[in-house]
Structures are given as C-alpha cells and as structure tokens.
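Asker: How does the following fold in three dimensions:
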Amino acid sequence: MIKIIKANEHYKNESDWLTTYHHFSFANYQNPDKMNFGPLRVFNDDTIEPGTRFDFHFHSDMEIITYLIEGELEHKDNQGNHGVIYPGEVQRMTAGSGIMHSEFNHSKEKPLRLLQMWVFANKKGLTPSWEQKKFAKEERINKLLPVVISENTKDGNALRIHQDAAFYLSTLIPGSKVEHTLSTGRKSYLFVIDGEIKLNDNLMQTRDAAMIEKENSLVIKAEKPTELILIDLPEKYAVNK
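Answerer: Below you'll find the predicted structure:
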C-alpha cells in the first residue's frame with residue numbers, strides 16, 4: 001500500500017524568519033491523525049532566513065537527523081559541540097538524557113533549506129552525542145546511498161543511530177531508476193526533495209511524500225532530474241528504559 005501525500009497537504013507555517021512544512025504533529029500543529037509513522041516522529045522541511053536562528057532549546061530521547069539542501073547551518077550545544085554543515089551534508093544528534101542546542105543560518109545573505117527528522121531512540125537516557133558527515137554527490141547518483149543506519153549494522157560508512165532505521169539519499173537523472181526491497185515487517189517513508197518520479201507507477205513531484213506499507217519491492221523512476229530521501233523503518237518498535 002502506497003499513500004501519496006501531496007506537497008500542499010503538509011501543514012505550512014510562515015513567520016518573518018522561518019517557513020516550515022510539518023509532515024507530522026509538531027509544536028503548535030497537533031493532528032491526532034498525523035502523530036508519527038512507525039518510529040519516525042518528526043519530518044520538518046524548513047527554510048530559514050539569513051542571519052536568523054532557532055535559539056537554545058531542549059530535546060531528549062530522540063535521534064535527530066538533519067540534512068542540508070542549500071545554505072549553511074551552524075550547530076552549537078551544551079555538550080561543547082560546534083560545527084557548520086553545508087549542502088549534501090548530514091548531521092546526527094542523540095538527544096538521549098537531555099541536550100540543549102541551537103541552529104543558526106550561518107550566512108548573512110542567503111536563506112537555507114534543511115530537512116530535520118526525528119526518530120524515537122530505542123532506549124531512554126542515552127548519553128547525548130553529535131556528529132556530522134559529508135557525502136559526495138557523485139556517491140548517490142542513480143543509486144540509494146545509505147547515509148544513516150542502525151548502530152547494529154556491521155558494514156557501511158554512514159552515521160549510526162540508536163534505532164532499527166536507515167536513511168538513503170539519491171540523485172537521479174531523467175530515465176534512470178533505483179529499486180529498494182522492503183523486508184517483512186518493514187515500511188518506508190519517501191520524500192521528493194526536488195524533481196519528479198514514478199514510485200511503482202505513482203507520480204510524485206517536488207515536496208510530495210509517500211507512506212509505504214505492505215510492499216515487497218519499490219521501483220523509483222526519474223521523470224525529471226530528482227533528489228529524494230527514503231527512510232526504511234520497522235513496523236514495530238520498542239523504547240526500552
């Protein structure tokens with residue numbers, strides 16, 4: 001079963017410094033029908049104006065993944081971590097027992113666009129941590145490149161999180177296709193960052209999303225130059241104390 005959520009169906013909120021699309025309930029947007037998709041709790045598509053920021057705020061017991069689409073994002077937290085990520089780079093933060101952090105548009109001239117995704121950690125009270133990694137665009141052309149994987153995965157050069165989930169990035173040229181197999185007990189969330197694809201013959205365009213369940217195989221064909229993210233998730237999950 002594939003459920004397509006069109007771009008104009010995401011909740012949109014605008015202020016003088018931030019334009020955001022919430023795929024699930026978040027902050028002032030609360031919808032009991034859109035609380036999470038498996039352990040994927042938050043999927044926000046944010047555009048932040050130059051020189052503005054999310055001031056220091058608190059998180060706990062979440063694995064927070066940030067993917068930068070364009071611009072420059074500066075991170076600071078109360079654990080002493082500090083870094084700037086650029087387009088194509090991915091940041092992973094384990095909020096664990098509690099972390100305070102801020103996110104700042106490092107540029108004074110250009111807006112930035114990012115995706116921020118939260119996944120429930122598989123255990124409460126983990127030690128907070130943070131890291132970021134650069135993935136070359138060439139690595140993901142016409143393939144699904146794993147950029148975040150489970151801590152229990154033995155192989156791979158991706159960032160690790162405390163949950164049985166994997167994040168893939170792909171850059172597709174028109175006419176190309178990639179395939180992904182969903183194992184028994186798995187589901188997926190797909191988002192078209194930019195472009196146009198057919199997902200098992202379902203047309204998807206920029207900012208469309210898909211909730212995918214009970215499907216064995218996914219075939220993604222690019223109709224236009226496309227960038228997308230695919231998240232592979234367990235149907236069932238537990239959060240241990």
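Asker: List the neighbours of the helix or strand hosting residue 160 that are in contact with it.
Answerer: Residue 160 is part of strand 159-161 when elements are defined by DSSP states H and E. Contacts to strand 159-161, defined as C-beta atoms under 8 Å, 6 or more residues apart in numbering, come from residues 63, 65, 90, 92, 94, 119, 121, 131, 133, 147-151, 153. Heads up, the C-betas are built off the backbone N, CA and C, glycines and all.
Asker: what's the most distant pair in these?
Answerer: 121 and 133 (19.2 Å; C-beta to C-beta).
Asker: higher neighbour count, the two?
Answerer: Per other C-beta atoms under 10 Å, whichever of residue 121 and residue 133 has more neighbours is residue 121, with 22 against 14.
Asker: mind checking how far the more buried one is from residue 81?
Answerer: Noted for residue 121: a distance of 18 Å to residue 81, by C-beta to C-beta, to the nearest Å.
Asker: So residue 139 belongs to a strand, correct?
Answerer: No - with the criterion set as DSSP: H, G, I helix; E, B strand; the rest coil, the secondary structure at residue 139 is helix rather than a strand.
Asker: Run the chain-centre distance for the strand holding residue 160.
Answerer: Taking the mean C-alpha point of strand 159-161 and that of its whole chain, the gap between them comes to 13 Å (C-alpha atoms, centre = their mean, to the nearest Å).
Asker: I'd like the next helix or strand past it.
Answerer: Next along the chain from strand 159-161, counting by DSSP H and E, comes strand 166-172.
Asker: The lowest-mean-pLDDT helix or strand in the chain packs against which elements?
Answerer: When the helices and strands of the chain are scored by mean pLDDT, DSSP states H and E, strand 53-59 comes last with a mean of 70. The elements that strand 53-59 packs onto, with contact taken as 3 or more C-beta pairs under 8 Å, 6 or more residues apart in numbering; DSSP states H and E, are strand 99-105.
Asker: Around the residue nearest to residue 143 when sequence neighbours are not counted, how many other residues sit close by?
Answerer: Spatial nearest neighbour of residue 143, excluding adjacent residues (C-beta to C-beta, 6 or more residues apart in numbering): residue 178 at 6.1 Å. Residues contacting residue 178 under the criterion other C-beta under 10 Å number 20.
Asker: List the beta-bridge partners for residue 178.
Answerer: With DSSP bridges as the criterion, the beta-bridge partners of residue 178 are residue 220.
Asker: Isn't it up against residue 144?
Answerer: Yes - between residue 178 and residue 144 there is a contact at 5.3 Å, judged by C-beta atoms under 8 Å.
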